[in-house]
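1. starting from these lines, generate the structure:
(2 chains)
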There are 2 protein chains.
Amino acid sequence: MHQHSSHIEEIKQGSIVTPIGFRAAGVHAGLRYNKKDIGAIVSEVPANCAAVYTTSHFQAAPLKVTQESIAKEKQIQAVVVNSACANACTGEQGLNDAYQMRKIMANHLHIKEEYVAVSSTGVIGEYLQMDKIEKGINQFIFDSTLEHAEAFQEAILTTDTVMKKCCYSASIAGVTVTMGGTAKGSGMIHPNMATMLGFITTDVNISSEILQDSLSKVIPTTFNQITVDGDTSTNDTVLVMANGMAKNEALTEEHPDYPIFLELLSATCESLAKQIAKDGEGATKLIEVKVSGSKDDEEARAIAKQIVGSNLVKTAIYGSDANWGRIITAIGQTNTAVNPASVDIAIGNIVMLKESEPQSFSEQVAINYLNQDFIQIFVDLHNGKGEGKAWGCDLSYDYVKINASYRT
Amino acid sequence: MHQHSSHIEEIKQGSIVTPIGFRAAGVHAGLRYNKKDIGAIVSEVPANCAAVYTTSHFQAAPLKVTQESIAKEKQIQAVVVNSACANACTGEQGLNDAYQMRKIMANHLHIKEEYVAVSSTGVIGEYLQMDKIEKGINQFIFDSTLEHAEAFQEAILTTDTVMKKCCYSASIAGVTVTMGGTAKGSGMIHPNMATMLGFITTDVNISSEILQDSLSKVIPTTFNQITVDGDTSTNDTVLVMANGMAKNEALTEEHPDYPIFLELLSATCESLAKQIAKDGEGATKLIEVKVSGSKDDEEARAIAKQIVGSNLVKTAIYGSDANWGRIITAIGQTNTAVNPASVDIAIGNIVMLKESEPQSFSEQVAINYLNQDFIQIFVDLHNGKGEGKAWGCDLSYDYVKINASYRT
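-> Numbers count the residues shown, from 1 in each chain, chains lettered A, B, ... in the order given. Prediction:
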């Protein structure tokens, strides 16, 4: 599904523990009925670190603690994550709980508190059950097997139906570096700046500053271009740990292989982002919208995201109905420089609108295409050289079912 | 449901034909299977006129023709409306069809073409069946009975399940003036500047300029504050005809009774807007969100609309789940000056968050409240004196059902 250059190689069996020096764990602490609900990733040595967070006014307590940890030395060695409870809108007690969770993890590993990042996902407005958190952390046994990676991948899920993960490698400065990632997110997905939870490990040798810069460069075209339901969570975080154990010479932005690293990071983020969109609550189809011919790339991304976020487009795709009028409606309401007389729209390779005039097409061919589980929508505005993509999913009965009874 | 001052009186049996000098008609022209699908309102004399339109880039052809009509003499005498086909994204032919529809209506009434406004609603990207339009118009027999008003009210509906209408009167400058309104709209409802279709008649004597000014004043707090699905249609129009037949002295903005007229117009727009929200596709409940304590009114309205438009809030209300965390999430992502430490949230009179600290409440009491069909959400930001309301509906299985198979 992802196209990348020959510089990047996908490691199908890889995960967050494939890069040198990373181990993982995940256990059932009783926060959820019968699913692993707390997990952690640990690096053999302190790793350089970059992160992006939700832009919500109501940043959850663990985000504050994680930012504090990273600010201290720009390095962390472990991240501990629980599901079931977001520890958001929990006031003073919630902040104390997040500090306490960090401390328990640091003690368990015998490392400094500021080397630990903490993360939570789940219901807003409930307190962490600290006794269970403590018991869970103390059960962690870290290793770098596939089972351990999957234990972590499972522990971070909430309404997700599948685990998300990817792994890529590339040759940088004459050395093979590896990058693994995992993510969770199914509802409340409309990232702005960062998505739900994403954790990326790599053994590349790169400074925290350049890592942060690189992450900020790829986020706008990857995680920020997915939407499931238009809601930006209080807990969205993407965290990258780079422990340098591949022992390449330290990567700078001037290094001839720096573009390859950017591509590696972009491939990882895009893969995880699309896996989240595909597993959107109740989703039966992954939708990719590609907009070209806009004034600039930013405008193309905004229009693509508006289309893929439209309930009317999402329900039409669910019903395999080639109702391109709803695509026009979504484009029409964006605050962009659209020329209403020069728009092309195609669903798959079926052209439905050409220079804003309706084209006849076979409904049956359209239905056959729309019955697949990966749907591409192409829009050409003939108004410039900008282009961009966005990803989302259809809106089904199950979306309503899942969300009408989430807490209970 | 609507609170208005003692100056305004609701006329329960009233409609668009209750103001002096207005008549209506509606017939089945075969655009839809078995429902009236074309209708018109006529004034005995040319009426002063005001209108607001969609801000979509893709304004439908009839909107262009109506704007041209109104621009000519700032007066119209009739408006003709069809459902089933929006005549949007139909290029040159669509524009010619809209002109032709105007001409047929003018000929039928023996009035000037520029005294006719035209309006269409339905599927985007299909052409009007002009033979049926012509046959329909020529069947019109106008009268001012309740049956004739209802024939028009029915003719403009698409996926609506009920007709929308209201009627109010007030004493202005010593004379009783009456205002009637009707509207359609159920899906693709997220007005920005104007909503779906709204038609308001009044016998008040007021210039087109002051009428336009008054309409622009009340739209931001009424029609623009409803959302069903976040999509702004290509055809949204609100049209007011004021034929002056109540014979009050011409109303100016300096007249002591001008505020009463504004209140009359606001009551009419708010009533129609709420009826649209309540009849949102698949809706089982009307949701009213009231935000106070914001920096200013505009910010309060933006936050209220964000909350009422959130799929997660809408599904929670559908499921009678007091999941106030989703309200926080909606507030959190607005581009406003929210203080995250000072927010109060109540659903009905059940306080759930107080100065951003969760409050304990009885889940059963909350469920009982949420099982009703009118749900109020109150948010106090304790951050200023701004306040505003927005209206929407819950998101149900039927929303998906209706929209997964709209065209077919």
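
2. please count neighbours and contacts with C-alpha atoms only from this point.
-> OK.

3. for the residue nearest to the spatial centre of chain A, which non-adjacent residue is closest in space?
-> The centroid of chain A falls nearest to residue A:273 when counting by Cα atoms, centre = their mean (4.1 Å). The shortest distance from residue A:273 to any non-neighbouring residue, by Cα to Cα, 6 or more residues apart in numbering or on different chains, is to residue A:223 (5.1 Å).

4. and that neighbour, how many neighbours?
-> Using other Cα atoms under 10 Å in any protein chain shown, residue A:223 has 30 neighbouring residues.

5. go on, residue A:382?
-> By other Cα under 10 Å, neighbour count at residue A:382 equals 18.

6. ok, it touching residue A:295?
-> No - in this structure, residue A:382 is not within contact of residue A:295 by Cα atoms under 8 Å, at 9.0 Å.

7. any idea of the mean pLDDT for stretch A:357-368?
-> When pLDDT is averaged over stretch A:357-368, the result is 93.

8. can you check stretch A:180-190 too?
-> Over the span of stretch A:180-190, the pLDDT mean works out to 78.

9. stretch A:149-166 too?
-> Mean predicted confidence for stretch A:149-166 is 92.

10. skipping adjacent residues, who's closest to residue A:141 in space?
-> Closest to residue A:141 by Cα to Cα, 6+ apart is residue A:25, at 6.1 Å.

11. and whatever residue of the stretch 101-250 of chain A ends up closest to chain B, how close does it get to residue B:198?
-> Relative to chain B, the nearest point of the stretch 101-250 of chain A is residue A:124 (4.9 Å; Cα to the nearest Cα). Distance from residue A:124 to residue B:198, counting by Cα to Cα, to the nearest Å: 40 Å.

12. I figured the residue nearest to the centre of chain A was touching residue A:226, is that so?
-> Yes - proximity of residue A:273 to residue A:226 meets the contact threshold set by Cα under 8 Å, at 6.6 Å.

13. next, the buried residues of the longest strand along chain A.
-> Ranked by residue count, the top strand of chain A under DSSP state E comes out as strand A:38-53. By neighbour count on 16 or more other Cα atoms under 10 Å in any protein chain shown, the buried set for strand A:38-53 is A:38-43, A:45-53.

14. need the max-distance pair from the residues you listed.
-> Spatial extent of these (Cα to Cα) is set by the pair A:45 and A:53 at 24.2 Å.

15. count of residues packed around residue A:125?
-> 26.

16. residue ranges of the helices in the stretch 201-350 of chain A, please?
-> For the stretch 201-350 of chain A, the helices defined by DSSP state H, counting those that start in this stretch occupy A:208-218, A:258-278, A:297-309, A:311-318, A:325-332.

17. got these as JSON lines, with mean pLDDT columns?
-> Below are the helices of the stretch 201-350 of chain A laid out as JSON lines (pLDDT from 0 to 100):
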{"stretch": "helix A:208-218", "mean pLDDT": "95"}
{"stretch": "helix A:258-278", "mean pLDDT": "93"}
{"stretch": "helix A:297-309", "mean pLDDT": "93"}
{"stretch": "helix A:311-318", "mean pLDDT": "91"}
{"stretch": "helix A:325-332", "mean pLDDT": "90"}
